[in-house]
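Trainee: Can you look at this prediction? I've put the sequence above it.
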Amino acid sequence: MSEAVQLVRAILRERCRSNEEARDVLDRAFALEIDPFEYFAHRLEISYDDILERAAEWAGIAFSSFVPQGLPRAEIAHDLSVLGRVRQLRAKLFQRDVLFVSPNYFEVLEFKRRVAESQELRGRLCLVPFAALRAELGRQSSDDLLAEAQTRLDRRWPRATAHLTLSARSRLLFMVATAGFILVIFFAPAWLQPLLMPVSVLLLVVPSLARVVAAFSRPIRDAVGPRLLEDEELPVYSVLIPLRDEAQMIPLLCRAMQGLDYPPEKLDIKFVVEERSAETLAAANALAKRDPRFGVIAVPDAEPRTKPKALNYALPFVRGDHVVVFDAEDVPEPHQLRLAASTFAAEPDIVCLQAELVVDNASENWLTAMFAAEYAGQFGLLLPALARWSLPLPLGGTSNHFRVQHLRQIGGWDAYNVTEDADLGIRLARKGYRTAALSSRTYEEAPITLRSWLRQRTRWMKGWMQTFLVHNRHPVQFQRQIGWPGFIGFQLYLLNVILSPLLHTTLVLSLLLWALFGIRPMLFDAWGSVSLFILVLGYGGALSLTYAGLRRLGLVRLLGIQLGLPVYWLFHSLATVRAAGQLIARPYFWAKTEHGRTQQARITFDRKDTRRRASPAMQKPKSAWRFKLGRAP
């Protein structure tokens, strides 16, 4: 015990003046079930460089704040999928084998004992900070990591990627079939209409009825919550934040992540930044030097330049048992990670949790109000209902939480699918993994211009088309894996998303031609009343879900704006047509969403207490936090 105490005093120096104080520090670290070095860095705010330099001096070992550049590539005898847990690197330096190691507290104690027994070992050990070791491991493994990011899914799950499954021929046939279906529905001879109309009714009426049912379902936040885990019970939780040309978002992200109600020493937050984003990379590195919770993964510039490829590249560096993805503009509720970890612990069959996404600049203009209402119904009511009905859950692109082990097992994200979230949700369902809704919100920024909205929505529509084609490549196998309810639900949901804007626009234009010019499409000869019924039900289903979602959020004042829904759907049609063109010409092009453009204040959170507590009998997460409006970045 004496050496253990001496090491603490050597690191804390004037902050620890007696053996009793050193033992007290160790007791506090062990009570949290963390390594004392983590306690020194996160609770006592001593930099990792200083911790290891002082530990090396005490143990009589060399220290370096970096791994020398230009070292010959080492033989990394570890699985690349868990590279983030590798703590040592063997290399040749000045004709001598040197072990660069980022040790924990107990390993330093062992090194001191072994060095005292072998002077030769003294010259072959060098302590380095973990961030420096990780950077060198990444540099030496970058080619392999990049290849893994691009092809891991196809090797784990053959022919399941949008890259290899979607040939130019299959994409073209899909577009021809879609256009042909729309034309035939509205201009087919009268004798063919009785066969085609039921199909359009199925695609439009059933999803509309599902929205009505979801609108009257019980919100997820009214459900009984799990017992929240105490700090010492919580696992390490990783956070991935992909960034490209978004240096201005770092301050907002810093406040949001530092406000999380989660032990700082158990947070593993990674900014995943493309190498060509030099300004963003510099801002992220500057923050990582100040706060040990943060790290930076630089992603090499290579095709495809997509968010899922960047996430795949970063996945091997994840250290946590669970991982969540946040976007650049995200502000999660402070309790979200604690609640997710507690839910995973309470329900072992859950593999993925989707938090609710809420727009916090809804009042900025008409477009943001429409976007906010859409999110209010989709993430607040419809997706939780799909989860309760055990149907495939097309995830949102952010605030989805995973068990890391299972995420790796299914190959991570599809680097070539531009709505990697929806695709991943379906793959989880095909493997029989359970996805559930999480009673926690993440606040987001809606696009404020039509140009930005159209770029984002075009990418989404293109990705949904990719997802539909990929999973229907072998429909019989797909049905066997997911079951009939999931199979039918998938077809109706995705086809409704893809076709309903086009059917809506064509139907509205047909009605206008009929009303203004007396031009009567063949569709209305026998099915005019049915067409009007479909149109009314489509609006009714959407408005009922929108009303219920806005009411939950206290945003009923935006309800009147929803009368512009027909115009909003026309914009959806335009995005669908653009997506169809891109699916043929630029299938893997990632149209980056612009963040930080709002002129409205963003939501921030302040703590009332040092942490959020709840009794085992807690019925519902009642936040001990208050939110306030902060300045826009």
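Mentor: Looks like it came in fine. What you see is a predicted model; the values in this text were computed from it and never measured.

Trainee: got the contact list for the one helix or strand Thr280 maps to?
Mentor: In this assignment (DSSP states H and E), Thr280 forms part of helix 278-290. Outside helix 278-290, the residues that touch it by C-beta atoms under 8 Å, 6 or more residues apart in numbering are 131, 243-247, 250, 254, 271, 273, 275, 294-296, 298. For every residue, glycine as well, the C-beta is placed using N, CA and C.

Trainee: what stretches of the stretch 101-250 of the chain score poorly on pLDDT?
Mentor: The stretch 101-250 of the chain contains residues with pLDDT under 70 at 164-165, 188-194, 197, 220-224.

Trainee: Check the contact between Leu492 and Val205; I expect there is one.
Mentor: No: using C-beta atoms under 8 Å, Leu492 is not in contact with Val205, being 10.1 Å away.

Trainee: Output the below-cut-off pLDDT ranges for this structure.
Mentor: In the chain, residues with pLDDT under 70: 1, 70-78, 164-165, 188-194, 197, 220-224, 518-531, 606-633.

Trainee: Report the central residue of it.
Mentor: Residue closest to the average C-alpha location in the chain (C-alpha atoms, centre = their mean): Val325, at 2.8 Å.

Trainee: what's near enough to touch Ala422?
Mentor: 394-395, 463-464, 467.

Trainee: 6 Å instead, please
Mentor: If you count contacts by C-beta atoms under 6 Å, 6 or more residues apart in numbering, Ala422 has them with 394, 467.

Trainee: Packing partners of the helix or strand containing Arg338?
Mentor: Counting by DSSP H and E, the element that carries Arg338 is helix 336-346. When contacts are defined as 3 or more C-beta pairs under 6 Å, 6 or more residues apart in numbering; DSSP states H and E, helix 336-346 packs onto strand 434-444.

Trainee: Relative to the strand it packs on, what are the paired strands and their orientations?
Mentor: Each strand paired with strand 434-444, and its direction, by DSSP bridges: strand 331-332 (antiparallel), strand 350-359 (parallel).

Trainee: tell me the strands in the chain, going along the chain?
Mentor: Ranges of strands within the chain are 62-63, 88-93, 96-101, 125-127, 237-243, 267-274, 294-299, 322-325, 331-332, 350-359, 400-403, 434-444, 603-607, 625-629, based on DSSP state E.

Trainee: Now distance to Pro158 too, for those, in JSON lines please.
Mentor: Listed next are the strands of the chain as JSON lines, based on distance: least, C-beta to C-beta, whole Å:
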{"stretch": "strand 62-63", "distance to Pro158": "47"}
{"stretch": "strand 88-93", "distance to Pro158": "33"}
{"stretch": "strand 96-101", "distance to Pro158": "38"}
{"stretch": "strand 125-127", "distance to Pro158": "43"}
{"stretch": "strand 237-243", "distance to Pro158": "26"}
{"stretch": "strand 267-274", "distance to Pro158": "27"}
{"stretch": "strand 294-299", "distance to Pro158": "25"}
{"stretch": "strand 322-325", "distance to Pro158": "25"}
{"stretch": "strand 331-332", "distance to Pro158": "36"}
{"stretch": "strand 350-359", "distance to Pro158": "22"}
{"stretch": "strand 400-403", "distance to Pro158": "22"}
{"stretch": "strand 434-444", "distance to Pro158": "23"}
{"stretch": "strand 603-607", "distance to Pro158": "44"}
{"stretch": "strand 625-629", "distance to Pro158": "46"}
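
Trainee: Any idea which of the ones you listed gets closest to Arg23?
Mentor: The closest of these to Arg23 is strand 125-127. By C-beta to C-beta, the value is 24.2 Å.

Trainee: chain center to that closest one: distance?
Mentor: Relative to the centre of its chain, strand 125-127 is centred 37 Å away, using C-alpha atoms, centre = their mean, to the nearest Å.

Trainee: Spit out the contact partners of Leu570.
Mentor: With C-beta under 6 Å, 6+ apart, Leu570 has these contacts: Thr505.

Trainee: 10 Å instead?
Mentor: Listed by C-beta atoms under 10 Å, 6 or more residues apart in numbering, the contact set of Leu570 reads 501, 504-505, 508-509, 564.

Trainee: how about these, which pair is most distant?
Mentor: Greatest spatial distance among the contacts of Leu570 (C-beta to C-beta): Leu509 and Gly564, at 17.5 Å.

Trainee: The helix holding Arg338: which residues count as buried?
Mentor: Judged by neighbour count (16 or more other C-beta atoms under 10 Å), helix 336-346 contains these buried residues: 336-345.

Trainee: now those residues in CSV, with distance to Leu454?
Mentor: Converted to CSV, the buried residues of helix 336-346 look like this (distance: C-beta to C-beta, whole Å):
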residue, distance to Leu454
Gln336, 30
Leu337, 34
Arg338, 38
Leu339, 35
Ala340, 33
Ala341, 38
Ser342, 40
Thr343, 36
Phe344, 37
Ala345, 42
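
Trainee: Outline the domain layout of the chain.
Mentor: For the chain, the structural domains run 2-152, 159-163+177-633, going by automatic domain parsing.

Trainee: Format the ones you listed as a markdown table; extra columns: distance to Arg169.
Mentor: Output for the domains of the chain, formatted as a markdown table (distance: least, C-beta to C-beta, whole Å):
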| stretch | distance to Arg169 |
| --- | --- |
| domain 2-152 | 22 |
| domain 159-163+177-633 | 11 |
